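Chemist: Model the structure of this input:
(2 chains)
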Amino acid sequence: MLRYRTQGVLAAGLGLLITGCFSDPDLKTGLTPEGAPRVLAVLATDNNTGAEPPAFCRYDSAGNLDPKGPSLVQGFIICPDTKAEFDMTGPAELEPLAWNVRTMFDELLNGDKVETLVDSEPDAQGNPLPCTADSVTCDGHIGTTDFGATLPFDVSCGGTAITYDGYYYPNGNKESNPVGPALVLAPIDLAPTDTDCQFTIKPAIVIDKQGEAVPTGPNENVFTIHVKPLDVVETDPVDADAVADRAELGPTDPVLFFFNSLVDDASIAAAEIEIKNLDTNAVIPSDFTIDPDGDGNLTLLAITPVAALPPGNYAASIKGGAIVSDIVGGTRTFTDGVSVRFVVAP
Amino acid sequence: MKRIGISFAMAVGLFAGATIVDHGDAIAQSSTTGSVRGRIVDKKTKDAVIGATVSVSGPALQGQQSEITDENGAFQISNLPPGTYILTVFYGEAQFNRPNVLIEVGKQAFVSVPIDTEIKASEVIELVGRTPLVDQGSTKIGSTITDEYTRNVPTGRTFGAVLGTAAGTQGDQYGVSFSGATSVESSYVVEGINTTDTAFGGQSTNLPNEFVEETEVIAGGYSAEFGRSTGGVINVVTKQGSNKFKGSVFAYYTPGTLISDAESILSQASAIGSELNVDYVADLGFEVGGPIIKDKLWFHVGYNPSFRRDVLDRIISTRLDREDANGAGIGTDEFDSCETDDNMNGVLDADEAITGDCVPDRVKDGDGNDTAFFDQEEVPGARVSRGRFRQTHFFTGKINGALSENHQFQISGFGNPASFERDFYRVTGAPESILFKDGDGAYDVALKWSSKFNNGKTQLDLVGGYHLGYEDQDPLFAGGADRASLQDNNTRSLAVFKNYEPGFQTACADVADGNAMDPFPGIRNCPVVNYTWNGLGFLETRTNARTSGTVSLTQRANLMGQHTFKVGADLEYTTYNSDRRLTGGAIWQLRPSNAAGIQRWRRRAQLAPDPEGVTTGDVPCFDLDGDGLGDKTCTVDPEGYQADTTNRNIGAYLQDSWSIRPNFTVNAGVRWEKQTGFVADDIVGTKSPEGEVVPETAFDIANMIAPRVGFVWDPTAEGRAKLMAHWGRFYESVPMDLNVRAFGGEITDFSTTGCTMLNNRDDVTQEELDACDTYRAGNFQLGDGAEFVAPSLKGQYTDELILGGEYEVMADFKMGVNFVTRNMPRVIEDSSTDGGAHYLIVNPGEDFSADADDLRTEATGLMTSNPELAALLNARADVLDKISTFDKPIRDYQAIQITAQQRFAKNAMVLASYTYSRSLGNYPGLFSTETGQLDPNLTSLYDLPELMSNHYGAMGLDRPHNLKVDGFYQFDLKKAGIVTLGASLRGISGIPHNTLVGHSLYGADESYLLPRGTAGRSPFTTTADIKATYGRKIGKTQSIELFADIFNLFNTQDETDADERYSTSFADPIVGGDLSDLPHAKQNPLVGITGRSPIKNTNFLNLNARQAPRSFRFGLRYSF
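Modeler: Predicted coordinates for the structure are as follows:
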């Protein structure tokens, strides 16, 4: 019997040994909870289109994308697989009037440190309520609320501090759309066009669930993203080279120029705009109005003839060399001007 | 630390370390018989007795089987039907009889007979002894269910109901799970033929225990002759005749009046709940067998009609506290602060209702946590009862014949056709329009031929069979086939559907949302979601057939020990003919509001495959250029689609059972399998929208090589113990649901109506919807008739390692310990890496870059002649390139089993086991244990890489503690008869729970907000069943038994499952998160509100399933 007992003990020991050799596997869909939280990607969200091109992606020293970094998401490439490919495209820029910044981390953060939750439904008097277990839904804020502020970033654009809100998005990974976990920063203040915005993650606020802080340094907790220059992004009507393709306007119809930021109306002088008869090359007296936020989030410049135009071919222009400023100090010199050619029918 | 790899090398290493101490012999098992082996030794000298003739005979055997002992005194006799035998040794002039040799199906008994060789006279010596209980022939684990067990232990009526007896088994949504595998991965073999459902892999044939001689439940460790299973093997042998007429007449009755009431299951998320009670179950049957020609031709027949009626109570409940201030009435809570019973009459009168924005008081649960709303309370007078009636006609017939002792045959037929009338197909629907009937069941024919040659050293076995399973669903109300299902996908008040709710006036009328009488406009008092009316929706009529044949040749030889070589081949030709249809030709769904607050009706309908891949229809379809608009035109097929599909499975094996010593046997073998799946007949040769011709062959998985190796060592050399190890690889046989769903012509169109007058209306009629023939742009299709299969697709398999031992502690009582580990390194699934634009059948996580390169080469050649097809091939190549980015499948099951068994002896029988196991992974198997989706190899589990997030963890079958104790004891009252008391005790850990939310593309419950299995666990449940039997002999050969069973003696109705839906909102997983992250969870901003948490389901983790209530069953059996 002793022999059998010994064998039984050996068998049981072997079983325990084998059982003890199991642990959680390393999954491609998993995060990296070990170590300090690191930024895997910073995406410049274009709120007009929903696109999230990368302003920063983390590559290793060999130039390969971090294995937990976002590559192919629902059929679209976010971060190219190599640094060389990323550099060919260059970092994304911010749309002046319609940007958010999604900062993706390689692990979950301490949500209570980075975000304030507010009940989505105010009370009967319209006063906000804190988020409780009874709340049906809550909204996250990383900016200032009636119940505190976490403010996990310092944001300055062209040297000016930018206030912001946003939320913590613990959901997601490199496969999801949108990617996560992330802090989503939504500016409240307007950023000057054609300037660099610096986003500094506060190590005292942004910590992981084990209490480790985000590392400091460039491309660790400090990221710089350029704001696109002030530009005309759309006109009505659209310009066309061929006469046959040009839009037909009424004699007094305005030509509309849409800017990608709020334009300082004082920055546009009458001398910088014109309507010209392309058949005679004569400049037609015209007037202009600027409608801040005239259509959605864009600033609208309307150039209108003072008097009804006779039939013919015309061009309404912001003249070459015109210097236009946004309302927070960003400027743009339209070296070649912007013209819209149109037709006034008989 | 790393996960263990179960390697062949490891298994070989175990063999190398084993100690060889003795000499032995073993034999491979035929699936419907058992065998006996042993040694004849001299009683005094212990020397081998050479040249003795050993014969076995018994009532289960036609004639007798004989063998001459070899130079080691060894013998072995195979192909013995299960039963009790007399083993006779003829040596010299003497005859030694050794009775009570028990042969079990699939097992090998070891009998060592010492004889007195000095007896020279012609004497007959009666020996006393017993057959050791330990199976020395194989490394199989599991249990054998005998007639004694099913007669005396409280259990279900059929062999399908006793499978859970074996250690390592547990129930799941579709049957019995073996060793961490989903139930539909098992193989159900009856009379030697595979009767597994060809469509989904579950059980199809079932028979009452009275027709069954033995059921061998093999949970693992089986040899190379068994294939096409990554779960267990259920091996059933029906009763056969004998030289005497024997049989029984039996009856069972379960009266509903003695069944305890099932406790209601109510949901805070739905006003409609249910309660299922048995009305009655009645069985009456007989089985009889006997000789047609003594020792030559026997018969056995049986018939057992079975009737069952259930009553499903449909209950309407509210979140309201309907109790008066004194605590009387329903529930235990007092009035809410916003209720004002001004006239103190104890009820909330209409004029007392608060019409302001009043939310009722919150209530606390047992832990003092705020549960947000009241527990659900049933509305008096709103309960509606409906019957469900099922009748099943079990039958069996069997002929056994022997041309001689060495040439025997068997013909058997059996089946279980049934019809089922039921309603409340969906409880959340209009009661009068959701009745349907369902016919299902199976018919089987099995033929077997067995011949022995060369003095029994060579054996040829031939088995042929035909299995036909079927299911036929039809509506049970007038015009049901033409009535489309209308569904409101929004959460509504039941008041909205009052026209379809006969009991509404007594239910929610006084508390209807929006009603002026609504006392609590701040909450939805009678919520329903996905309410359905008008018609049934999806129905299917199907037949599933398997024609199978196996041939095997067994040869015994001496070469450095005893070898038993076995070589065999099997062939299966399977079909799944499916007629899938939507009643009324479509399902109409009122979709949730878009950003503009508009709810529109969306039609789901089947499109007809087009032989030319384009052309004649009126539905825009197939957006080939990605602009959101269909580039082809298709035709809606109101008849649904009919898919006649076939598969061809071929297998072959070679195995050797090598007894190096009498007590040490190495079993080694290898199995080869090949599975070819074919596209549905109707669409072969048709063209895809891109002009690709649909081929005849859907997939061809060849070269599935499954080695098996193991050893058995008996340290006692007396058959009383064994230490064993086994390593094996087991390939899946892909169920044919894949053929029908992926290669059957399924093209589902989703078109949103353009008739604005139908928007935001849930009072529309089918006629209005049918009359609208304008649809918004942007309809889309799921499926393209025939999916693409990666050319280098490989088979799905499981690896298994078993280390174990058994020891016969005392006569007829053994104990055992097994360590079992299984994993699943490769699976077959449909996957997409381009956001669902293209789905391919692949092995997720594996490298298909070579296939991708081939496709690109092919595409290059088509760029000019067919750019659309070239683009398709390139898109497929892009998907294939990324298949390796999926998480590899993980299904790790580890278990330690402790078993105890006393076979029926000394008036008692015991079968007990305790299993500690863990089942962790990201792939539960052929169905989703969380959502219940049963689409083998075509589930949503691997559809998109993002769906894999948080999938790793405790799976639905992870139930660590599993205790089973069955047994009975007989009290012999002599002339007064025999009283038998039996019991069956079960204790099992609850299932782990999940935190499920909606996925933006896949809808409800497809996203794991927190890692799998981290939302707690249902409680440990126990069940005790008992049985009392009184039996009395009538004359010499007749007896009568009266018995009573009590199931769930203590009427425990504990939770067995909970509502895992955290929210219906769309949200992405919080990868690796825990409960502390939940408050910060957000809706997916692309389809929800930015920065906002998901809308919580107030019923989250509330109970939604219970143990069945206590019931009584009475019966009698007359045996002759």
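
Chemist: Please count neighbours and contacts with C-alpha atoms only from this point.
Modeler: OK.

Chemist: May I have the residues that are in contact with the nearest residue to residue B:636 once chain neighbours are set aside?
Modeler: In this structure, residue B:636 finds its nearest non-sequential neighbour in residue B:607, 4.4 Å apart by Cα to Cα, 6 or more residues apart in numbering or on different chains. Taking Cα atoms under 8 Å, 6 or more residues apart in numbering or on different chains, we find residue B:607 in contact with B:634-637, B:640, B:746-749.

Chemist: now do 6 Å
Modeler: The contact partners of residue B:607, by Cα atoms under 6 Å, 6 or more residues apart in numbering or on different chains, come to B:635-637, B:747.

Chemist: Likewise for residue B:657?
Modeler: B:27, B:563-564, B:666-667.

Chemist: Take these and keep only those in strands.
Modeler: B:563-564, B:666-667 (DSSP state E).

Chemist: Show me the one in the residues you listed that has more neighbours than the rest.
Modeler: Taking other Cα atoms under 10 Å in any protein chain shown as the neighbour criterion, residue B:667 ranks highest of the ones in strands among the contacts of residue B:657 with 28 neighbours.

Chemist: So if we follow the domain assignment, how does the chain break up?
Modeler: You didn't pick a chain, so chain A it is. A:39-115+A:150-226, A:232-344 (automatic domain parsing).

Chemist: I was after chain B.
Modeler: B:30-126, B:141-250.

Chemist: how many neighbours does the nearest residue to residue B:905 once chain neighbours are set aside have?
Modeler: Leaving aside its chain neighbours, residue B:905 sits nearest to residue B:812 (6.8 Å; criterion: Cα to Cα, 6+ apart). For residue B:812, the neighbour count with other Cα under 10 Å is 19.

Chemist: Could you do the one 10 residues further on as well?
Modeler: For residue B:822, the number of neighbouring residues by other Cα under 10 Å comes to 27.

Chemist: How about residue A:153?
Modeler: 25.

Chemist: try residue B:491
Modeler: 17.

Chemist: For it, which three-state class applies?
Modeler: Classification of residue B:491 by DSSP: H, G, I helix; E, B strand; the rest coil places it in strand.

Chemist: thought it was touching residue B:531?
Modeler: No: counting by Cα atoms under 6 Å, residue B:491 stays clear of residue B:531, with 8.4 Å between them.

Chemist: Residue 221: what's its closest spatial neighbour, skipping adjacent residues?
Modeler: Picking chain A for this. residue A:201 (4.9 Å).

Chemist: Chain B, not that one
Modeler: Nearest one to residue B:221, counting by Cα to Cα, 6+ apart, is residue B:140 at 4.3 Å.

Chemist: That neighbour: what's it in contact with?
Modeler: Residue B:140 neighbours (Cα under 6 Å, 6+ apart): B:220-222.

Chemist: Just the ones in helices from the residues you listed, please.
Modeler: In helices, judged by DSSP state H, none of these are found.

Chemist: Output these as TSV; include the columns neighbour count and pLDDT.
Modeler: Below are those laid out as TSV (neighbours: other Cα atoms under 10 Å in any protein chain shown; pLDDT from 0 to 100):
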residue	neighbour count	pLDDT
B:220	26	91
B:221	26	90
B:222	22	87
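
Chemist: Might you report the residue contacts of residue 307?
Modeler: Chain wasn't specified; assuming chain A. When contacts are counted by Cα under 6 Å, 6+ apart, residue A:307 is found next to no other residue.

Chemist: ah, no, chain B please
Modeler: If a contact means Cα under 6 Å, 6+ apart, then residue B:307 has B:281-282, B:390-391 as its contacts.

Chemist: Who is it paired with across the strands?
Modeler: For residue B:307, the beta-bridge partners under DSSP bridges are residue B:282, residue B:391.

Chemist: same check, this time on residue B:473
Modeler: Applying DSSP bridges, one finds that residue B:473 bridges with residue B:438.

Chemist: wait, it sits on residue B:423?
Modeler: No: in this structure residue B:473 lies outside contact range of residue B:423 using Cα under 6 Å: 12.0 Å.

Chemist: picking that back up, buried deepest among the domains of chain B, which one?
Modeler: Of all the domains of chain B, domain B:141-250 has the most neighbours on average by mean count of other Cα atoms under 10 Å in any protein chain shown, namely a mean of 24.

Chemist: ok, now how distant is the residue nearest to residue A:78 when sequence neighbours are not counted from residue A:176?
Modeler: The shortest distance from residue A:78 to any non-neighbouring residue, by Cα to Cα, 6+ apart, is to residue A:71 (5.2 Å). Residue A:71 sits 10 Å away from residue A:176, taking Cα to Cα, to the nearest Å as the criterion.

Chemist: Which one's more surrounded, the two?
Modeler: In this view residue A:71 and residue A:176 are compared by other Cα under 10 Å, and residue A:176 has more residues nearby, 24 against 19.

Chemist: And the pLDDT at the nearest residue to that one once chain neighbours are set aside?
Modeler: Ranked by Cα to Cα, 6+ apart and with sequence neighbours excluded, the top spatial neighbour of residue A:176 is residue B:946, at 5.4 Å. Per-residue pLDDT puts residue B:946 at 86.

Chemist: go on, residue B:359?
Modeler: Per-residue pLDDT puts residue B:359 at 41.

Chemist: Straight-line length of stretch A:234-254, end to end?
Modeler: 14 Å.

Chemist: Can you tell me what sits against it?
Modeler: Applying Cα under 6 Å, 6+ apart, the contact partners of stretch A:234-254 are A:255-258, A:302-304, A:308-309, A:340-344.

Chemist: of those, closest to residue B:1045?
Modeler: Ranked by distance to residue B:1045 (Cα to Cα), these are led by residue A:258 at 83.6 Å.

Chemist: now what about the host helix or strand of that closest one, what contacts it?
Modeler: Assigning secondary structure by DSSP states H and E places residue A:258 in strand A:255-259. If you take Cα under 6 Å, 6+ apart as the criterion, strand A:255-259 is touched by A:231-236, A:298-303.

Chemist: For it, which strands pair with it and how are they oriented?
Modeler: strand A:232-236 (antiparallel), strand A:298-305 (antiparallel).

Chemist: Tell me how many other residues crowd residue B:762.
Modeler: Other residues close to residue B:762 by other Cα under 10 Å number 18.

Chemist: Could you grab the helix/strand/coil label for it?
Modeler: Here residue B:762 is recorded as coil under three-state DSSP.

Chemist: distance of the residue of the stretch 901-1050 of chain B found nearest chain A from residue A:28?
Modeler: For the stretch 901-1050 of chain B, the residue closest to chain A is residue B:946, as judged by Cα to the nearest Cα, at 4.8 Å. Distance, residue B:946 to residue A:28, by Cα to Cα: 10 Å.

Chemist: Right, I'll leave it there.
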